[in-house]
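**Q** Just need the structure, nothing else, for what follows:
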Amino acid sequence: MKLLVTGATGKLGSMAVEKLLETVPAENVAVSVRDPKKAEHLRARGVDVRRGDFDKPETLDRAFAGIDRVLLISTDGDNETRIRQHKAAVEAAKRANVGFIAYTSIGHADESNIFLAEVHRATEAAIRDTGIPYSFLRNNWYAENEIGTVQAVLGGAPWLTSAGSGRVGWA
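**A** Predicted coordinates:
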């Protein structure tokens, strides 16, 4: 079984690849990256490094070819760009006859009013429309998003959030 991680040189992608390599032989792992030079350390370990740029859909057919399962990591940017990028990746997965998509979405994407939810609703709908089996990984807020806030607090600034006395399910 060949597994593909998109965005594999990013923060989450690189962690996912490292975790995969603890249990999956490197020859069964492929990565899709915009700049393959940044993934040479993975190629040296036996990982199949593929150029796959969501802004260059023509690169995605080769990136997704022969893949059984994809971890589709949500991109950064404005909502319109992200929706376009995700749609290109989902369409490539469909053309490649990928057997399963795991997508890094957001908690309660289907009903959330947070501005980020629009991207995830659109991507989840695109995935559903393919007929490919899927899992939506609906993580809450990533703790590393708060590094700047934590550094400010350590420097004496007050801890300010919109949660009030609410709880946060950090990922």
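**Q** Going by C-alpha atoms from here, please, whenever you check contacts or count neighbours.
**A** Fine.
**Q** Residue 126 touches residue 90, doesn't it?
**A** Yes: at 6.9 Å, residue 126 and residue 90 qualify as touching, with contact defined as Cα atoms under 8 Å.
**Q** which one of those two has more residues nearby?
**A** residue 90 (27 against 18; other Cα atoms under 10 Å).
**Q** OK, contacts around that one?
**A** 126, 127, 130 (Cα atoms under 8 Å, 6 or more residues apart in numbering).
**Q** Over to residue 138?
**A** Residues in contact with residue 138, defined by Cα under 8 Å, 6+ apart, are 104, 105, 106, 107, 108, 109.
**Q** Using JSON lines, lay out these together with neighbour count.
**A** Below are these laid out as JSON lines (neighbours: other Cα atoms under 10 Å):
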{"residue": "104", "neighbour count": "20"}
{"residue": "105", "neighbour count": "23"}
{"residue": "106", "neighbour count": "22"}
{"residue": "107", "neighbour count": "17"}
{"residue": "108", "neighbour count": "15"}
{"residue": "109", "neighbour count": "21"}
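**Q** Cross the residues you listed against strands and list the overlap.
**A** The strands, defined by DSSP state E, take in residue 104 from those.
**Q** can you name the two of the contacts of residue 138 that are farthest apart?
**A** Farthest apart among the contacts of residue 138 by Cα to Cα are 104 and 108. That separation is 12.2 Å.
**Q** any idea which helix or strand carries residue 140?
**A** Following DSSP states H and E, there is no helix or strand that holds residue 140.
**Q** Show the backbone phi and psi for it.
**A** The phi/psi pair for residue 140 (degrees, to the nearest 10) reads phi -80, psi -160.
**Q** Give me the local confidence score for it.
**A** At residue 140, the predicted lDDT confidence score is 72.
**Q** Repeat that for residue 56.
**A** We note a pLDDT of 97 for residue 56 in this prediction.
**Q** who touches residue 71 in this structure?
**A** Listed by Cα under 8 Å, 6+ apart, the contact set of residue 71 reads 3, 4, 5, 6, 101, 102, 103, 104.
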